[in-house]
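1. Have a look at this prediction, sequence included:
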Amino acid sequence: MPHELVPHSTLARRPSSSWPYFERSSHNNAISALRRAFAFGYCDHPEQRDPAASLQSARIGKKDRPAIDPFSIQDAEILIAALHRDWGEAQGNYDEFRFFTGLRPSEQIALVVSDYDAAHRILSITKARVIGLDKDMTKTGADRRIELCPRAVAIVERQLRLRQRLMRNGLLEHEQLFVSDTGEPIRRLWYPYTRWQRTLHRLAIRYRKPYAARHTSVSWDLMIGRNVLWVARQHGHSVATMLSVYAAWVDGASDADILAIREAMNVARCGGESLRALPRPEKPRLVRPRQADRLLLPPPADRTDRPTAGQSTRRGLGSELGTGSAGTRDKPLKDKENSWRRGWAAAILAAGPSGPALRAVQSRSRRFCRTRLSHGTWARIPPRCLAQRSAVAAR
């Protein structure tokens, strides 16, 4: 039937306030598409009235939206292990990844390999796939870069290895990160949805839709005490949404749950079994000028000449700043001698030789330290300078 012959009475269906939330939401989505189609068709007939322009949407208030129902960490691990067992690595990685990143389903199925920055462990979210159509923008229209926890990094690494195996077998010729068992890109959400549904119905866990994994990720971040602004930026929410929807999960978590969530995020697992902790990449160390000299010195060698039962166990003054001693002294050291001994003891500890080489270092250290200044005072040489010179001489 041509759109010019469709009357308003055929299109009109007043939404009832007794409809469930999801029926009203689906009705509004259909009305939106219908309005745009009729508006485009009536551009050629401006003299006629568009019957779809007066269609009413269902009213959805704040109280009508269902409350979020996140998984506990224990239930999530059971579900992840079951998905790996039932459907294999491709499906298991897909569902496990959503728990520890909180991506929207339309964002996750649109990811490509180049979105993952392995050096900085960051994932770029710049596009989405809705009803099989690729869009160059996300739901909110704003791109974001999310930081991956060690668990999420391990999942991506496993998925990349799976892609390489599929490519060697000639089953994969695209850049999509998450794929089906046969290497095909995931075009529609019903494919992972039906598998999630069948596995969760089989378990003794309260059923939730796959979108609950996103709510779970946000709730976990808030439960372990992460900054609200960081969580909002990580998941593409506004701060108002974070405080209004997820405020109940900021407090009230038990210490055991917080510890379990932290452990799950920082430990790599495969199918619910712990593998290993992933170290964080090392950051460049800033060295102060006074620390640079000490970093250039060789590390102290293990001392093999330990004192026997008949020997003195007094500590050298070059260690622990010369503040402690295990034995007793016959006569306290004077300030000048104390300063001198600190110098050559530090040199010996830095060089670390034994036997004749030890005596040679002691002799050079004494000659180096006994530098007279005016009025017959002894000069206190900085230990780092003395240790450098003594170490070079010992070679």
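-> Great, that's in hand.
2. Point out where the stretch 51-200 of the chain drops to low pLDDT.
-> Applying pLDDT under 70 to the stretch 51-200 of the chain flags the ranges 61-64.
3. could you pull out the helices for it?
-> Under the criterion DSSP state H, counting those that start in this stretch, the stretch 51-200 of the chain carries helices at the ranges 73-87, 89-99, 105-108, 150-168, 190-202.
4. Let me know which of the ones you listed is tucked in deepest.
-> Among the helices of the stretch 51-200 of the chain, helix 89-99 has the highest mean neighbour count (mean count of other CB atoms under 10 Å), at a mean of 24. Heads up, the C-betas are built off the backbone N, CA and C, glycines and all.
5. Can you work out which other helices and strands pack against that one?
-> helix 73-87, helix 105-108, helix 150-168, helix 190-202, helix 212-223 (3 or more CB pairs under 8 Å, 6 or more residues apart in numbering; DSSP states H and E).
6. tell me the angle of that helix relative to helix 73-87?
-> 160 degrees (axes from the mean of the first three to the mean of the last three CA atoms, to 10 degrees).
7. and for helix 89-99, what are the contacting residues?
-> 71, 76, 79-80, 83-84, 103, 105, 108, 152, 155-156, 158-159, 162, 178-181, 186, 192, 195-196, 210, 213-214, 216-217, 271 (CB atoms under 8 Å, 6 or more residues apart in numbering).
8. same thing but at 7 Å, please
-> In this structure, residues lying in contact with helix 89-99 by CB atoms under 7 Å, 6 or more residues apart in numbering are 76, 80, 83-84, 108, 152, 155, 158-159, 162, 178-181, 192, 195-196, 213-214, 216-217, 271.
9. again with stretch 229-236
-> Residues external to stretch 229-236 that are found in contact with it (CB under 7 Å, 6+ apart): 102, 138, 140, 142, 144, 146-147, 218, 221-222, 238-239, 242.
10. Can you list the buried residues in that stretch?
-> 231-236 (16 or more other CB atoms under 10 Å).
11. Relative to V267, which of those is nearest.
-> When these are compared for distance to V267 (CB to CB), Q234 wins out at 20.0 Å.
12. can I assume that closest one sits in a strand?
-> No. Q234 is assigned helix when assessed by DSSP: H, G, I helix; E, B strand; the rest coil, not a strand.
13. can you list the domain ranges for this protein.
-> With domains defined by automatic domain parsing, the chain comprises 3-54, 73-277, 332-395.
14. What is the end-to-end distance of stretch 90-110?
-> 15 Å (CA to CA, to the nearest Å).
15. now swap in stretch 53-68 and tell me
-> End-to-end distance (CA to CA), stretch 53-68: 34 Å.
16. which of the residues in it are buried?
-> 55, 58, 68.
17. Check which residues of the lengthiest helix in the chain are buried.
-> Under DSSP state H, the helix in the chain containing the largest number of residues is helix 21-41. Within helix 21-41, the residues that qualify as buried are 24, 27, 31, 35, 38, counting by 16+ other CB under 10 Å.
18. Tell me the spacing between the residue lying closest to the fourth one once chain neighbours are set aside and S238.
-> It refers to R35. Distances taken as CB to CB, 6 or more residues apart in numbering put A52 closest to R35, at 5.0 Å, once the chain neighbours are dropped. Here the criterion is CB to CB, to the nearest Å. By it, A52 lies 31 Å from S238.
19. what do you get for N28?
-> 21 Å.
20. Please apply the same query to D69.
-> Separation of D69 from S238 (CB to CB): 21 Å.
21. Tell me which of these two has more neighbours.
-> Set side by side, D69 and S238 show more neighbours around D69, with 13 against 10, by other CB atoms under 10 Å.
22. In a markdown table, list the buried residues of stretch 229-236 along with pLDDT.
-> Below are the buried residues of stretch 229-236 laid out as a markdown table (pLDDT from 0 to 100):
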| residue | pLDDT |
| --- | --- |
| V231 | 92 |
| A232 | 92 |
| R233 | 92 |
| Q234 | 93 |
| H235 | 93 |
| G236 | 91 |
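23. now, among those residues, which is nearest to P46?
-> Looking across the buried residues of stretch 229-236 and measuring by CB to CB, the closest to P46 is G236, at 39.7 Å.
24. Return the backbone torsion pair for that closest one.
-> Phi and psi for G236, reported as degrees, to the nearest 10, are phi 70, psi 30.
25. swap in the one 3 residues further on?
-> Here is the backbone geometry of V239 (degrees, to the nearest 10): phi -60, psi -40.
26. For the nearest residue to it once chain neighbours are set aside, give its distance to A39.
-> Leaving aside its sequence neighbours, V239 sits nearest to A232 (CB to CB, 6+ apart; 5.1 Å). Using CB to CB, A232 is found at 35 Å from A39.
27. Over to R129?
-> Applying CB to CB, the value for R129 to A39 is 26 Å.
28. ok, now how distant is the residue nearest to F99 when sequence neighbours are not counted from S57?
-> Excluding the flanking residues, the one nearest F99 by CB to CB, 6+ apart is A213, at 5.0 Å. As judged by CB to CB, A213 and S57 stand 29 Å apart.
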